[in-house]
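**Q** output the structure for:
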Amino acid sequence: MTDHREEDLEERRRRLTTELAERDAKVKDDERAEINADQTRKGYGMAMKISSEFISAIIVGALLGYLFDYFVGTGPWGMIVMLMIGFCAGVLNVMRVVGVVASPHPADRRLDLDDKGNGR
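**A** Below you'll find the predicted structure:
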């Protein structure tokens, strides 16, 4: 009788061990899927930020060029020049967001102004 109980107990332990191992594997798979989904969301967010900064710089440049041409009467030249400046500003913004070009730190700009003001 005691032998039969021990066998049943060992069988239950083995079954419990396999069920726990399967559950742990499933939880780890779920965690990996959540990490991948989080990285994908971050990527989409970064893509939206980059594209919106690039497009908005071009639109602002074109709008300023159009207004300049409207009030000054220079024809399409103001719009062409400001559109190119807007494109360059958009590329610079994209490069800053990606990390290729670093924006100057405010403390560095303040030091440069102090150095110029002191006659150095």
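**Q** now the helix or strand that contains Met48: average pLDDT?
**A** Here Met48 sits within helix 2-72, counting by DSSP states H and E. On average, the pLDDT along helix 2-72 is 87.
**Q** next one: stretch 86-94
**A** Computed over stretch 86-94, the mean pLDDT rounds to 93.
**Q** hey, C-alpha coordinates of that stretch in CSV?
**A** What follows is the C-alpha trace of stretch 86-94 in CSV, where atoms were taken according to Å, rounded to 0.1, in the frame of the first residue of the first chain:
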residue,chain,number,x,y,z
GLY,A,86,13.6,73.9,-45.8
PHE,A,87,14.8,70.7,-47.3
CYS,A,88,18.3,71.2,-45.8
ALA,A,89,16.7,72.0,-42.4
GLY,A,90,14.6,68.8,-42.7
VAL,A,91,17.7,66.7,-43.4
LEU,A,92,19.5,68.4,-40.5
ASN,A,93,16.6,67.6,-38.2
VAL,A,94,16.6,64.0,-39.3
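**Q** ok, and the closest non-adjacent residue to the residue nearest to the spatial centre of the chain?
**A** Nearest residue to the geometric centre of the chain (Cα atoms, centre = their mean): Met46, 2.9 Å. Once flanking residues are discounted, Met46 sits nearest to Val97: 7.5 Å by Cβ to Cβ, 6 or more residues apart in numbering. Yep, even glycine has a C-beta here, placed from its N, CA and C like the rest.
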